[in-house]
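Engineer: can you look at this prediction? I've put the sequence above it.
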Amino acid sequence: MTGTSRTSGTWRNWAGNVTARPVREVTPASVEELAAAVKKAAEDGLKVKAVGTGHSFTATAATDGVLIRPELLTGIRLIDRAAGTVTVESGTPLKRLNLALAREGLSLTNMGDIMDQTVAGATSTGTHGTGRESASISAQIRAVELVTADGTVLTCSETENPDVFAAARVGLGALGVITAITFAVEPGFLLAAREEPMPFDRVTGEFDQLVTENEHFEFYWFPHTGNCNTKRNNRSAGPAAPPGRLSGWVEDELLSNGVFQVACSLGRAVPAAIPSIARVSSRALSARTYTDIPYKVFTSPRRVRFVEMEYALPREAAMGALREVKAMVDRSPLRVSFPVEVRTAPADDIALSTASGRESAYIAVHLYRGTPHQAYFTAVERIMTAHGGRPHWGKVHTRDAAYLAGVYPRFGEFTAVRDRLDPDRLFTNGYLRRVLGD
């Protein structure tokens, strides 16, 4: 199969808040074609960025140069059962990977709550779920293959180019174009999920206990209310007991997407109605339990489009910060239609992971697409940064390299690898200049 190169139109991300007009788009069908495209761009004096499905809310993948599309770089290269790994092409959507692994009786240990992203896009921006011991998708990487600025195909792991490996697992597209990733996998297992409403004061007061007692704990707080919805996922011996077809459709499609879409549209049109809508919405989802294979428990459909900001805090600071967010919303004229999501992660050893070197809790705020978000996000960001927060690389924030160098002890380690692999900044753009410096 041969890839394509064509003059580009306007590229937009999933949320529609980022656009770009590349000079050309290239869809390589092999690593060799991708390497040739990178070298040709350098010869033409054009910057290079690879794009996945556009689920980042920042301009991580935006370029006015050459946009690499990975649609033809998909599929599993190798399953090594003895090593407990799978090597997958960079453009493979997480959904396709999860389905393929399930057919083989295998699974990732943990994952985020959606699976539309490509494996390269998800890991490059630090996509994570929630877990007491199991960390982000990037922390499950065992090797990375990427094309560097001079067209070299470089493989890195704990034993091969380990300094690059420490950086490239959350690489922001700044070190090269990823062509393949090797993940750790394990034999398939079942997760028992328990979803349960809980008052804000109780869940924040018992947060440490809930995290300690459950392998995966998360909750959503509904602004303008004292109501939360909690979710606990723990391994189960079975048997599988997935949601019924009708009840699952009611919860995951009708309420979480269809009715919620209508509620968000009404709230955008009539902001004064949002607190009343929030009170109704926070009571609409009832308690339920079910048991299924991991990706069906970890992930759920997200069809209502939004913009999002998320910060990782030291876990011990998270509930205090969340209470500050609630107090700020309660005393302000803001009208917030989307729940606030809280998750956790153990410390990891990746240079620019949001959980690098510290146990973390994540606070994510959202607003319906098309709703002015600056006042809300600015107020939340002020609280997060006061607690040493690290912004999610793929979500809206205003931090720059000077701030980020202060909250990432290994920031200089990452930029040193970047200086060596891409001294002429072939892979840069405006976003990377802001967050990494020149």
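Structural biologist: Nice, thanks for sending it over. Residues are numbered from 1 along each chain as shown.
Engineer: give me the below-cutoff pLDDT ranges for this structure.
Structural biologist: 1, 5-8, 245-259, 282-285 (pLDDT under 70).
Engineer: so the residue nearest in space to the middle of it versus residue 359, what's the distance?
Structural biologist: Most central residue of the chain, judged by C-alpha distance to the mean C-alpha position with Cα atoms, centre = their mean, is residue 127 at 2.8 Å. From residue 127 over to residue 359 the distance is 18 Å, taken as Cβ to Cβ, to the nearest Å. Heads up, the C-betas are built off the backbone N, CA and C, glycines and all.
Engineer: for residue 193, same thing?
Structural biologist: In this structure, residue 193 and residue 359 are 23 Å apart, going by Cβ to Cβ.
Engineer: more neighbours: which of those two?
Structural biologist: In this comparison of residue 193 against residue 359, neighbours counted by other Cβ atoms under 10 Å, the higher total goes to residue 193 at 20 against 15.
Engineer: burial count for residue 408?
Structural biologist: Residue 408 is flanked by 18 other residues according to other Cβ under 10 Å.
Engineer: from residue 178, how far off is it?
Structural biologist: Spatial separation of residue 408 from residue 178 under the definition Cβ to Cβ is 21 Å.
Engineer: again with residue 230
Structural biologist: Taken as Cβ to Cβ, the spacing of residue 230 relative to residue 178 amounts to 35 Å.
Engineer: neighbour count winner among the two?
Structural biologist: More crowded of residue 230 and residue 178, by other Cβ under 10 Å: residue 178, with 27 against 20.
Engineer: can I get the CA coordinates of the host helix or strand of that one in PDB?
Structural biologist: Here residue 178 sits within strand 177-184, counting by DSSP states H and E. Listed next in PDB are the C-alpha coordinates belonging to strand 177-184 (Å, rounded to 0.1, in the frame of the first residue of the first chain):
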ATOM      1  CA  VAL A 177       6.800  11.100  15.000                       C
ATOM      2  CA  ILE A 178       5.900   7.900  16.800                       C
ATOM      3  CA  THR A 179       5.400   4.900  14.500                       C
ATOM      4  CA  ALA A 180       4.900   2.100  17.000                       C
ATOM      5  CA  ILE A 181       4.300   1.500  20.700                       C
ATOM      6  CA  THR A 182       4.800  -1.700  22.800                       C
ATOM      7  CA  PHE A 183       2.500  -1.900  25.700                       C
ATOM      8  CA  ALA A 184       2.500  -4.300  28.700                       C
END
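Engineer: would you mark the buried spots in it?
Structural biologist: Using 16 or more other Cβ atoms under 10 Å as the test for burial, strand 177-184 gives 177, 178, 179, 180, 181, 182, 183.
Engineer: out of the residues you listed, which two sit at the greatest distance?
Structural biologist: Pairwise distances across these (Cβ to Cβ) peak at 18.4 Å, for the pair 177 and 183.
Engineer: element containing residue 167, please.
Structural biologist: Using DSSP H and E, residue 167 falls in helix 162-168.
Engineer: for that helix, packing partners?
Structural biologist: strand 141-147, strand 153-157, helix 411-421 (3 or more Cβ pairs under 8 Å, 6 or more residues apart in numbering; DSSP states H and E).
Engineer: what's the burial count for residue 279?
Structural biologist: Other residues lying near residue 279 total 14 when counted by other Cβ under 10 Å.
Engineer: so it sits right up against residue 263, yeah?
Structural biologist: No: contact between residue 279 and residue 263 fails when scored by Cβ atoms under 8 Å: they sit 11.3 Å apart.
Engineer: measure residue 289 to residue 321 for me?
Structural biologist: Per Cβ to Cβ, residue 289 is found 30 Å from residue 321.
Engineer: give me the more crowded residue out of those two.
Structural biologist: Taking neighbours as other Cβ under 10 Å, residue 289 and residue 321 compare with residue 321 leading, 21 against 12.
Engineer: and the more buried one, helix, strand or coil?
Structural biologist: In the three-state summary, residue 321 is assigned as helix, counting by DSSP: H, G, I helix; E, B strand; the rest coil.
Engineer: which non-adjacent residue is nearest it?
Structural biologist: The shortest distance from residue 321 to any residue other than its chain neighbours is 5.0 Å, reached at residue 387 (Cβ to Cβ, 6 or more residues apart in numbering).
Engineer: ok, that neighbour to residue 312 distance?
Structural biologist: Separation of residue 387 from residue 312 (Cβ to Cβ) stands at 10 Å.
Engineer: contacts for stretch 197-208, please.
Structural biologist: Stretch 197-208 has contacts (Cβ atoms under 8 Å, 6 or more residues apart in numbering) with 210, 219, 221, 225-230, 282-283, 285-287, 318-319, 322-323, 326.
Engineer: repeat that with 10 Å
Structural biologist: The list of residues contacting stretch 197-208 from outside it, by Cβ atoms under 10 Å, 6 or more residues apart in numbering, reads 196, 210, 212-213, 217, 219-222, 225-230, 282-287, 315-316, 318-320, 322-323, 326, 342, 344, 361.
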